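A.B. asks: Return atomic coordinates for the entry below.
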Amino acid sequence: MHAIIVSAPGGPEVLAYVERPDPTPGDGEIVIDVAASGVNFLDIYHRSGSYPLSLPTPIGSEGAGTVSAVGPNVREVAVGDTVAWANVLGSYAEKAVVPADRVVPVPDGVPADVAAAAMLQGMTAHYLTHSTHEVREGEEVLVHAGAGGMGQLLIQLAKLKGAKVHATVSTSEKEKLARAAGADEVLRYEDFATALRGKIDVVYDGVGAATFDGGLEALRPRGLMALYGAASGPVPPVDPQTLNKQGSLFLTRPTLVHYIAERRELLQRASDLFGWIADGRIAINVSHRYPLAEARQAHEDLAGRRTTGKLLLIP
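C.D. replies: Okay, here's the model as predicted:
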């Protein structure tokens, strides 16, 4: 089989398309013929060394496909099942080995490539809007990078909860995408802090350094900043007294792994997500599909903000 391997941290050039022996499942594991792998900023953090890994390592953290082999002591999954997963390394491959307790069943109404596109960003949007801050009807929410795959999902889930959603984008074309996802107001990055000062109940920020200070300004007293990523770079250290001065604000830096650590929670979030997709209540915008061998190009395009929606690698 072919897979993408990283042997040293660096830019997209360190992504190597290599041939490896077909894997066999160990105890509690399954082998999946990968239908599609999602491309995420998490993968860029892994590749660059921002999130250090033991090298060399396969890369890619989400996907979906068909189970082709099961190891000992696997009971809930069978050969032929369509399953999806997130936060498991090795997803940029033709075949992936995944612990059976980390996969979720994909229902008939959801194509495998859509399931792959939905897992990491979809469950992140789920925990942010349902757990980190449970959005309530009538609240005012700010979503940064509203035209990205993550931003579009956050907008849709916040609207399902009855919020008024403000979104930031960089271009007129991206504004159209954010509005199509349901945003009530779309602003440019240079204008949002002034326009929204003191109005917002919760800010969902995956951009980081470029938007963080403005997001704090936009919050109303006792509002929450949920910083879930750093696409523009890490946020410098924050003096906690700043949160006091700007209205007893809350600041959290959540991550998906802690919101799906228990299998019950993993299954519940995935079930909700797939149900909304099957019912047409939310849409997954897959904007680009690349052959697996073109992982470098996918990383360049994502990091360069040349894309909107979700990116997939197709073996």
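A.B. asks: Measure how far stretch 131-143 is from the centre of its chain, please.
C.D. replies: In this view, stretch 131-143 has its centroid 18 Å away from the chain centroid, taken as Cα atoms, centre = their mean, to the nearest Å.
A.B. asks: should've said stretch 271-291
C.D. replies: With Cα atoms, centre = their mean, you get 13 Å for stretch 271-291.
A.B. asks: now swap in stretch 234-246 and tell me
C.D. replies: Counting by Cα atoms, centre = their mean, stretch 234-246 comes out at 26 Å from the chain centroid.
A.B. asks: Go through it and flag the buried ones.
C.D. replies: V235, L243 (16 or more other Cβ atoms under 10 Å). (Glycine included, C-beta is placed from N, CA and C.)
A.B. asks: what about it, average pLDDT?
C.D. replies: Average pLDDT, stretch 234-246: 96.
A.B. asks: So what touches that stretch?
C.D. replies: Stretch 234-246 has contacts (Cβ atoms under 8 Å, 6 or more residues apart in numbering) with G208, A209, F212, L216, E217, L219, L227, L249, F250, L251.
A.B. asks: Kindly report the same for stretch 50-61.
C.D. replies: Identification of contacts with stretch 50-61 by Cβ under 8 Å, 6+ apart yields 3-9, 15, 37-40, 42-47, 86-93, 120, 313.
A.B. asks: What's the PyMOL line that selects buried ones from those residues?
C.D. replies: Filtering the contacts of stretch 50-61 down to the buried ones (16+ other Cβ under 10 Å) takes a single PyMOL command:
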select buried, resi 3+4+5+6+15+37+38+39+40+42+43+44+45+46+47+86+87+88+89+90+91+92+93+120+313
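A.B. asks: Go through the contacts of stretch 50-61 and flag which are in strands.
C.D. replies: Within those, residues falling in strands by DSSP state E are A3, I4, I5, V6, L15, S37, G38, V39, A86, L313.
A.B. asks: Below-threshold pLDDT in the stretch 101-250 of the chain: ranges please.
C.D. replies: Applying pLDDT under 70 to the stretch 101-250 of the chain picks out no residues at all.
A.B. asks: What ranges does it have for its helices?
C.D. replies: 112-127, 149-160, 172-181, 192-196, 212-218, 240-245 (DSSP state H, counting those that start in this stretch).
A.B. asks: could the ones you listed go into JSON lines alongside distance to G26?
C.D. replies: What follows is these, written out as JSON lines (distance: least, Cβ to Cβ, whole Å):
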{"stretch": "helix 112-127", "distance to G26": "23"}
{"stretch": "helix 149-160", "distance to G26": "32"}
{"stretch": "helix 172-181", "distance to G26": "41"}
{"stretch": "helix 192-196", "distance to G26": "49"}
{"stretch": "helix 212-218", "distance to G26": "42"}
{"stretch": "helix 240-245", "distance to G26": "45"}
